[in-house]
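>>> build the 3D model from these lines:
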Amino acid sequence: MPEFSINDFPIAPPIIVKDTPRPRWLMTVEEARDYVDEAMRIGRPEPWRELWHRLKSLESEDEAIEAIDDLRELLEEEDLLLPDGG
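Have a look, this model is predicted:
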């Protein structure tokens, strides 16, 4: 059986982000980390940097759950979160 990686930790329900040309679905920690990394390249305020560092240094499922919840909140605050179903 392959070793479990925190990168593969599932996001349930998936996070659906407003994106162009169509909504983007974040279904694993790795996809969330990649999204935040891309957002950092275009410039985001301090809460994004803080979340980026947390996502890069996750060591447990509990830390992953907390970071994903914080990402949901951040996206909602910035009106980037779509309801389930897009």
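
>>> which stretch of helix or strand covers Ile15?
Per DSSP states H and E, Ile15 falls inside strand 10-17.

>>> now that strand: buried residues?
11, 15-17 (16 or more other CB atoms under 10 Å). To be clear about C-beta, it is placed using only N, CA and C from the backbone, and glycine gets the same treatment.

>>> and of these, the nearest to Thr28?
Ile11 (6.3 Å; CB to CB).

>>> Arg72 versus that closest one, what's the distance?
Per CB to CB, to the nearest Å, Ile11 is found 9 Å from Arg72.

>>> this structure: strands as residue ranges?
10-17, 24-28, 81-82 (DSSP state E).

>>> hmm, Val17 is touching Met27, no?
No. At 11.4 Å, Val17 does not count as touching Met27 under the criterion of CB atoms under 8 Å.

>>> show me what the strand holding Ile15 is packed up against.
If you count contacts as 3 or more CB pairs under 8 Å, 6 or more residues apart in numbering; DSSP states H and E, strand 10-17 packs onto strand 24-28, helix 29-42, helix 61-77, strand 81-82.

>>> distance from it to the middle of the chain?
Taking CA atoms, centre = their mean, to the nearest Å, one finds strand 10-17 lying 8 Å from the centre of the chain it belongs to.

>>> okay, angle between it and helix 61-77 too, please.
Here strand 10-17 runs at 10 degrees with respect to helix 61-77, directions being taken by axes from the mean of the first three to the mean of the last three CA atoms, to 10 degrees.

>>> CA atoms only: put strand 10-17 into CSV for me.
Provided in CSV are the C-alpha atoms of strand 10-17 (Å, rounded to 0.1, in the frame of the first residue of the first chain):
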residue,chain,number,x,y,z
PRO,A,10,-8.8,15.5,0.5
ILE,A,11,-10.8,18.7,0.8
ALA,A,12,-14.4,17.8,1.5
PRO,A,13,-16.5,19.3,0.3
PRO,A,14,-14.2,20.7,-2.5
ILE,A,15,-13.5,24.4,-2.6
ILE,A,16,-14.9,26.0,-5.7
VAL,A,17,-13.0,29.3,-6.5
